[in-house]
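> how would this look folded up:
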Amino acid sequence: MPYSASATRHKRLWIGRFTALLPALVLLFSAATSLAVDSLPTDHPKYQKVKAIYDSVARAFGDGRVPPRLIVSPVGASSRNAVAWSDPGTEGAIGLDADSGPLQAGYIAIEEKIFDLFASLGDDQESAIAFLLGHELTHYYMRHGWVGDFGNSFASLEVGRKMIKAASYEDVIKRETEADYFGGFYGHLAGYDTLGVAPRAIELIYASYKLPSKLPNYPTRAEREAIAERAEANLRKLVPVFEAGNRLLLLEKYEAAGRLFEHLAHTFPSREMFNNAGVAYASEALRLFRPGALKFGYPFEFDAETRLKAKGQRAKGLPDEFAERRNRLLQKGADNFDKAIQRDRGYAAAYVNLAAVDTLIGDRDNAIILANKAMEMARRNNETITLANALVVRGIAYAEGGNKEKAMVDMAAARNLGSGTAAFNLAQLQDEKGAAPKILGGSEASGAETIARISPRDDFVKSKEVATFSLKGVDKEEPTITVYSRQGSGWEDMLISVDGQLVRLVSAGKGYAEKSSRGIGVGSSSEELAAKYGEPSRMVTSRQGTYYLYQKGEMIFAADPQGRVTGWMIYTVQ
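Below you'll find the predicted structure:
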C-alpha cells in the first residue's frame with residue numbers, strides 16, 4: 001500500500017531490537033491511477049540522490065525484473081499530499097480483455113517534501129528514504145497491487161468496491177506484514193539502517209502530515225501495531241542470522257556460513273544472499289585440495305592459508321580422499337553463483353566468482369569468457385575491486401592454460417588496482433622465493449578489550465531479550481547451527497554454536513559512542529587504526545568496505561570505502 005497522509009501503517013524496526021512503529025500510509029485517489037504524475041527531472045540533484053538509494057534497495061531484492069520507474073513528485077504537484085506510494089500498472093496482469101485499452105506502466109513515487117523533511121535526520125536521511133522505498137518495492141515485487149493499491153485507489157468506483165470486498169481482512173494483514181517484513185530486511189541488505197532510523201522518521205511524518213488513526217476498509221492503528229509486532233518477532237531472529245553468516249565467513253567457518261545464507265535465501269532470495277553462499281562453499285572447497293595443488297590465490301579466498309600449508313607435493317598416485325566432497329562443494333558454489341546471476345544479469349561479482357570455480361574444475365575457456373563479461377560490467381559501473389578480481393581470475397586461467405605472458409599482464413594490471421592477491425600471484429609467476437605473505441596480526445591479545453563492558457570471555461547471559469535461531473542439519477555431515485543474539489545501544493552480543501564449537505562475538509557499530517582500549521572509535525581513519533593496532537593479519541574487501549582482521553588480538557575492524565571505521569568486533573572461538 002502507498003504511504004500517504006490519508007491513513008497510518010505501523011511497523012516496528014530493529015536496531016539491536018525493534019524500538020518503534022513504522023506506519024504504512026495509504027493514499028486514496030479520487031480518479032484513475034493512469035493520470036499523469038509529475039516528477040522532478042532525472043538530472044535534478046534530489047532525483048539523482050533518491051534514484052541511487054532506490055537502485056540499491058531494488059538490487060537487494062534481486063527479483064530479476066527491471067524495477068518500475070521512480071517518480072519524485074515535486075513540491076506543489078497534485079500528488080494529493082502523499083508521502084510515498086506504488087502503482088502496479090497492468091504489469092503482470094492476466095486475462096486482459098482485448099478492448100481494455102492501452103497498458104499502463106507501473107511506478108513507485110516519493111514526494112520531494114519527504115526528501116526535505118528527512119534532511120533533518122542528517123546522515124540517516126538516506127536510510128529513512130530507503131525505509132519508505134523498500135516497503136513500496138515489496139508491494140510491487142510481490143504483486144500486492146491488484147487487490148490492494150488498485151482496489152483502494154478506486155474505492156469510490158464500483159470496480160473498486162468489488163475488489164475491496166473480495167480482499168478479506170486476512171489478505172490485507174498478509175500484504176502489510178509482508179511489506180513490513182521484506183522491505184525492512186532488504187533495506188538492511190542494501191546497507192541502509194532502515195531498521196534503526198524508523199523511530200525518528202515516524203515522528204517526523206506524523207508531525208508533518210497530521211495522520212489520522214483510522215481509514216475505512218483498512219486496519220486501525222492498533223491493528224497495525226499487531227502486524228508490526230509479528231514482523232518484529234521474525235526479523236529479530238533473521239537479521240542476526242544474516243550477520244552471523246557474515247561473521248562466520250570472516251572467521252573462516254565457511255560451510256556453516258554457507259548453510260545460513262542458503263537458508264535465508266529461501267525466504268529472501270537476493271543476489272547477495274546466493275553469492276555469499278557460493279563464496280562460503282567455494283572457500284571451504286579450497287581447503288580440500290591436496291597440499292601444493294594450488295599455486296595461485298583466488299579472489300573469493302580471504303587469505304593465503306591454503307598456499308602457506310602447501311609446502312610440499314604429495315606423492316603421485318596417492319588417492320585424493322577429499323575429491324568427492326571438494327567437487328560437491330564447488331558445485332554448490334557454482335549453483336549459488338548461477339542463481340545470483342539469474343537474479344541480476346549485471347552482477348559482476350557473481351560472474352567473477354563463477355569464473356574462479358571454472359578455473360578450479362578445469363574449464364578455463366569458460367572462465368575467460370565469464371571474466372571478460374565481469375570486466376566489462378565492472379568498468380561500466382566503476383567497480384574497481386571487481387575489475388581487479390576479474391583480471392586475477394582471467395590471469396589464472398591464462399596461466400593454467402600455459403600462457404604465462406598474458407597471465408603476468410593481467411596480474412600486473414590487477415596489482416596496480418590494489419589487489420594483494422594479484423601481487424602474490426605475480427610473484428608466483430615470476431618464481432620468486434618467499435612470495436607467501438607474512439602472518440601478521442597486530443598486538444597480542446591482552447584481554448583488556450570490551451564493548452559495552454562485555455568481554456567475549458564472559459558467560460553469555462540468556463534471557464527473554466535474547467533472539468534464538470537454530471538450523472538443524474539434513475544429514476550427519478550438517479550439524480545444528482544455533483545463533484543467540486542480544487542487542488543494546490549500538491552494540492550486539494552474539495553466541496554461535498556450530499559443530500561442537502562456540503564462537504562468541506561482541507560488536508560495536510553505528511550509535512556506539514565509546515572507543516576501543518586504544519582509542520579507535522566509529523569515524524576513526526584507517527591510518528589511525530594502523531598506528532594504534534599495527535598491520536592486520538588479513539584484509540577482507542566487501543561491497544560495504546574493508547574488514548581488518550587481527551588474529552592475535554582477536555579483533556575485527558570494519559571501514560567504509562573512504563577508510564573510516566564503521567564498527568569493530570572482539571571475539572573468541574572455544
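> Now for this structure, the helix or strand with the poorest mean pLDDT.
strand 13-14 (a mean of 27; mean pLDDT, DSSP states H and E).
> what's the burial count for the closest residue to Asp499 other than its chain neighbours?
Among residues not flanking Asp499 along the chain, Pro479 sits closest, at 4.6 Å (Cβ to Cβ, 6 or more residues apart in numbering). For every residue, glycine as well, the C-beta is placed using N, CA and C. Neighbour count of Pro479, defined by other Cβ atoms under 10 Å: 17.
> Got phi/psi on Pro479?
The phi/psi pair for Pro479 (degrees, to the nearest 10) reads phi -70, psi 160.
> from what I can see it touches Val498, true?
Yes - counting by Cβ atoms under 8 Å, Pro479 touches Val498, with 6.5 Å between them.
> For the nearest residue to Leu391 once chain neighbours are set aside, give me its contacts.
Among residues not flanking Leu391 along the chain, Ala414 sits closest, at 3.9 Å (Cβ to Cβ, 6+ apart). Counting by Cβ atoms under 8 Å, 6 or more residues apart in numbering, Ala414 makes contact with 388-389, 391-392, 395, 421-422.
> Just the ones of these in helices?
In this view, the contacts of Ala414 that belong to helices under DSSP state H are 388-389, 391-392, 395, 421-422.
> OK, contacts around Leu250?
Here Leu250 is in contact with 302, 540, 547, 549, 556 (criterion: Cβ under 8 Å, 6+ apart).
> partner residues bridging the last one?
In this structure, Ile556 has the following beta-bridge partners (DSSP bridges): Leu549, Met569.
> Near it, how many other residues are there?
23.
> That one is in contact with Tyr548, isn't it?
Yes - using Cβ under 8 Å, Ile556 is in contact with Tyr548, at 7.0 Å.
> Double-check that Glu449 belongs to a helix.
No - per DSSP: H, G, I helix; E, B strand; the rest coil, Glu449 lies outside any helix segment and is coil.
> now it: how far from Val57?
35 Å (Cβ to Cβ, to the nearest Å).
> who's more crowded, the two?
Val57 (28 against 18).
> what about the more buried one, which helix or strand?
Following DSSP states H and E, one finds Val57 within helix 45-61.
> Show me which parts of that helix are buried, residue by residue.
The neighbour-count check on helix 45-61 (16 or more other Cβ atoms under 10 Å) flags 47, 50, 53-54, 56-61 as buried.
> between those residues, which is nearest Thr267?
Phe61 (12.6 Å; Cβ to Cβ).
> Quick check: pLDDT value at that closest one.
Per-residue pLDDT puts Phe61 at 83.
> Over to the one 4 residues further on?
At Arg65 the predicted local confidence, pLDDT, stands at 73.
> repeat for Tyr140
For Tyr140, pLDDT reads 83.
> Can you report how many residues neighbour it?
So Tyr140, with other Cβ under 10 Å, has 26 neighbours.
> in the chain, which spans are strands?
All strands of the chain, identified by DSSP state E, fall at 3-4, 13-14, 18-20, 69-73, 82-87, 107-111, 467-471, 481-487, 491-498, 501-508, 538-542, 545-550, 555-559, 565-573.
> Same list (those) but as TSV, adding distance to Phe131.
Shown next, in TSV, are the strands of the chain (distance: least, Cβ to Cβ, whole Å):
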stretch	distance to Phe131
strand 3-4	10
strand 13-14	7
strand 18-20	11
strand 69-73	15
strand 82-87	10
strand 107-111	11
strand 467-471	21
strand 481-487	19
strand 491-498	20
strand 501-508	22
strand 538-542	22
strand 545-550	22
strand 555-559	22
strand 565-573	19
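> Which one of those strands lies nearest to Ala244?
Closest to Ala244 of the strands of the chain is strand 481-487 (Cβ to Cβ; 4.6 Å).
> quick one: strands adjacent to that closest one?
strand 467-471 (antiparallel), strand 491-498 (antiparallel).
> Any figure for the gap between Tyr548 and Pro561?
14 Å.
> Just to check, Thr384 is in contact with Asn416?
No - counting by Cβ under 8 Å, Thr384 does not reach Asn416; the two are 10.6 Å apart.
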